[in-house]
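S.K.: here's a sequence, model it:
(2 chains)
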Amino acid sequence: MSYLEIKSLSSFYGKAEALSNVSLSVEKGEIIAIVGANGAGKSTLLDSIMGMVKQKGTISFDDKTISGKSTSHIVKQGIGYAPERFSLFPYMSVKDNLLVGAFTAREKTKDNLAQVYSLFPRLAERETQETATQSGGERQMVSLGRALMSSPKLLLVDEPTIGLAPKVCNEIAVSLRRMRDDFGLTVVITEQNANFAMTLAERIYVLEAGKMQIEGTVEELKSDNRLIEAYFGT
Amino acid sequence: MLQILIQGMLLSGLYALIAVGFTLIFSIGRILNLGYGAYLMLGGYIYFWASQSIGLPKLVAVGMAMIFGVLMGIMKFQLIVKPLKGNHVAIEISTLILAVVLQAGVVFVFGDSSKILLPIVNGVVYVADAPVTYNMLIATVSSWVILLSLYTFIRTTDIGRAMQAVSMDTKGAAICGIEPDRVNMVTWALSGGLGALGGVFFASYTQLAPSMWVGPLIISVAVVIVGGIGSIIGTLIVAHIVGFMEVIVVSVFAPELRGVFTMGLIILVLVLRPQGLFGREEL
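M.R.: This next block holds a predicted model:
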């Protein structure tokens, strides 16, 4: 069984089906990207893994079933999440945001905080600043840092580059790669930007209108124009 | 002048204590708990029953009132707030109706007439010729101690930070492994306990009556609307604005007008600055 395994997942908002029969598997130590246009269901897929959406199907992580479990249980199993629009605590300082992230791993707070600050030195410089007054790039760093504070083994990142300048996108890409190479994390990102996804990830899934359309390694997809077709919906 | 200052400080301290439980619920859930005054009423009556009817020591009676308030808060959360999740109007109307029902219950058990609550501590001290009862002094000092402890608790403990987190972004809190329902329950429990304690002091400042939940509710609503945000420091500041305004109105104009000015202030702020004096735009 794969490290993260999703089988026949369908997710619902009320009666509306947002994901239909999606399957996906991620091996330990991989970086994979889920690519799709706005409204394809990328955020729903990550929210579903975190147990925040009504769903059918099974999700297992590290040989344990996590579908049907509470979000806090899933966080304790070792999944960290940096969601769309960050969901930070705007009137709390950078440091307090990070400390809230340590809620389930309080005994490792000191080590994890040092790790986050080594990854994002800018957060250390601005640890007393309220996140409401920060730039998009800094907020993305706080969001990633907060997810790392729970000592995750798998990190889910929803659209890490949305709204960011190219230079900041590169910084984020470097830090995501370091999380895998230096800290041994498995990383799943979602992206609208297929080029960014292909430079960072090893394997790519293409999601379209709630259904998984294509799956393959970056090399396979580069020589296959279905990605471009599917992505632009031709 | 000095008398206005002293009376203003004392009354404001009491008002801050009364309002803090209400602002806590507002800041965490954006809910106006219109049944909040019932905690004060029941806290006052439980204290009356325990200390004056069956003669338990006063501190024990205060403790019993607070425990009762905590249990009330938990029950309200479990039976009303949780099932009506997200429907603020329904929650606000239900809690208001609950307060009316509880008032009827109090009339049934204790009778309609108002009762004099003996002071928790007897005695008077004169400050610059102004009489200050020990009772009021203790209410004010307790209020400051409780508010500062609460402030420290919310700022520096894990559960306090979790409370702030839930108030600012429920999804963000959930993905940090916090269970928002559990944090909300703790907040409702805390609010109930603080309300009941406020009720003991408020009843010994005025008198114990089945309708006594209305006045504190208006004060609490004023603090939230004028302050605009459920912060503890904001509560303290606005409680002082309302408290001093009442003392000045009573001593300069007429005692009958005290509540009128508070309500006038609510309307004025709603019209001129709906987000409140210290309200911030949500990001």
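
S.K.: list the contacts of the residue nearest to residue B:213 when sequence neighbours are not counted.
M.R.: Take residue B:213 and drop its neighbours on the chain: the residue closest to it by Cβ to Cβ, 6 or more residues apart in numbering or on different chains is residue B:37, 2.8 Å away. For every residue, glycine as well, the C-beta is placed using N, CA and C. Counting by Cβ atoms under 8 Å, 6 or more residues apart in numbering or on different chains, residue B:37 makes contact with B:99, B:195, B:212, B:213, B:214, B:215, B:216, B:217, B:220.

S.K.: next: residue A:76.
M.R.: A:104, B:177.

S.K.: then it would be within a strand, right?
M.R.: No. Judged by DSSP: H, G, I helix; E, B strand; the rest coil, residue A:76 forms no part of a strand; its state is helix.

S.K.: that one and residue A:26, how far apart?
M.R.: Distance of residue A:76 to residue A:26, given as Cβ to Cβ, to the nearest Å: 19 Å.

S.K.: was I right to think residue B:165 contacts residue A:88?
M.R.: No. If you go by Cβ atoms under 8 Å, residue B:165 and residue A:88 don't touch, sitting 9.6 Å apart.

S.K.: who touches both of those two?
M.R.: residue B:172.

S.K.: still on that earlier bit, which among the contacts of residue B:37 end up buried?
M.R.: Buried subset of those (neighbour count, 16 or more other Cβ atoms under 10 Å in any protein chain shown): B:99, B:195, B:212, B:213, B:215, B:216, B:217, B:220.

S.K.: any idea how many residues pack against whichever residue of the stretch 1-150 of chain B sits closest to chain A?
M.R.: As assessed by Cβ to the nearest Cβ, chain A sits closest to residue B:27 within the stretch 1-150 of chain B, at 10.5 Å. By other Cβ atoms under 10 Å in any protein chain shown, the residues close to residue B:27 number 24.

S.K.: tell me which element it falls in.
M.R.: helix B:2-29 (DSSP states H and E).

S.K.: which other helices and strands contact that helix?
M.R.: strand B:130-133, helix B:134-156, helix B:158-168, helix B:180-205, helix B:214-227, helix B:232-252 (3 or more Cβ pairs under 8 Å, 6 or more residues apart in numbering or on different chains; DSSP states H and E).

S.K.: and the last one with helix B:2-29, angle?
M.R.: Between the axes of helix B:232-252 and helix B:2-29, defined by axes from the mean of the first three to the mean of the last three Cα atoms, to 10 degrees, the angle is 140 degrees.

S.K.: check what contacts helix B:232-252 and list those residues.
M.R.: Contacts of helix B:232-252 (Cβ under 8 Å, 6+ apart): B:3-4, B:7-9, B:11-16, B:18-20, B:23, B:147, B:150-151, B:154, B:219, B:222-223, B:226-228, B:257-259, B:261-262, B:265, B:277-278.

S.K.: just the buried ones from those residues?
M.R.: B:7-9, B:11-16, B:18-20, B:23, B:147, B:150-151, B:154, B:219, B:222-223, B:226-228, B:258-259, B:261-262, B:265, B:278.

S.K.: follow-up on the earlier one: ok, now how distant is the residue nearest to residue B:213 from residue B:189?
M.R.: 18 Å.

S.K.: show me what contacts residue B:276?
M.R.: With Cβ under 8 Å, 6+ apart, residue B:276 has these contacts: B:224, B:225, B:226, B:227, B:228, B:229, B:269.

S.K.: please redo it, this time with the cut-off set to 10 Å
M.R.: Going by Cβ atoms under 10 Å, 6 or more residues apart in numbering or on different chains, residue B:276 touches B:223, B:224, B:225, B:226, B:227, B:228, B:229, B:234, B:238, B:269, B:270.

S.K.: next, it: secondary structure please.
M.R.: When classified by three-state DSSP, residue B:276 comes out as coil.

S.K.: how close does it sit to residue B:57?
M.R.: Counting by Cβ to Cβ - residue B:276 and residue B:57 are separated by 41 Å.

S.K.: and for residue B:126?
M.R.: 28 Å.

S.K.: ditto for residue B:66
M.R.: Applying Cβ to Cβ, the value for residue B:66 to residue B:57 is 14 Å.

S.K.: between the two, which is the more surrounded one?
M.R.: Set side by side, residue B:66 and residue B:57 show more neighbours around residue B:66, with 22 against 10, by other Cβ under 10 Å.

S.K.: what's the closest non-adjacent residue to the more buried one?
M.R.: The shortest distance from residue B:66 to any non-neighbouring residue, by Cβ to Cβ, 6+ apart, is to residue B:193 (4.6 Å).

S.K.: which positions in chain B make contact with chain A?
M.R.: Residues of chain B lying near chain A by Cβ under 10 Å from any Cβ of the partner chain: B:155-156, B:158-159, B:161-162, B:164-182, B:229, B:231, B:280-283.

S.K.: show me which of those are buried.
M.R.: B:161-162, B:164-181, B:229, B:231.

S.K.: next, format the contacts of residue B:37 as TSV and append pLDDT and distance to residue A:54.
M.R.: Below are the contacts of residue B:37 laid out as TSV (pLDDT from 0 to 100; distance: Cβ to Cβ, whole Å):
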residue	pLDDT	distance to residue A:54
B:99	90	35
B:195	95	36
B:212	87	45
B:213	88	40
B:214	88	42
B:215	86	45
B:216	88	41
B:217	89	38
B:220	88	37
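
S.K.: from these, which is closest to chain A?
M.R.: Distances from chain A to these, taken by Cβ to the nearest Cβ, are shortest for residue B:220, at 21.9 Å.

S.K.: just the C-alpha atoms of the host helix or strand of residue A:174, please, in CSV.
M.R.: For residue A:174, the enclosing helix or strand under DSSP H and E is helix A:166-181. Output in CSV follows, covering the C-alpha atoms of helix A:166-181 (Å, rounded to 0.1, in the frame of the first residue of the first chain):
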residue,chain,number,x,y,z
PRO,A,166,8.1,35.1,-9.7
LYS,A,167,11.1,35.7,-7.3
VAL,A,168,9.0,34.7,-4.3
CYS,A,169,7.6,31.7,-6.1
ASN,A,170,11.3,30.5,-6.5
GLU,A,171,11.9,31.0,-2.8
ILE,A,172,8.8,28.9,-2.0
ALA,A,173,9.9,26.2,-4.4
VAL,A,174,13.4,26.0,-2.8
SER,A,175,11.9,25.8,0.6
LEU,A,176,9.4,23.0,-0.4
ARG,A,177,12.3,21.1,-1.9
ARG,A,178,14.3,21.5,1.2
MET,A,179,11.5,20.2,3.3
ARG,A,180,11.6,17.0,1.4
ASP,A,181,15.4,16.7,1.0
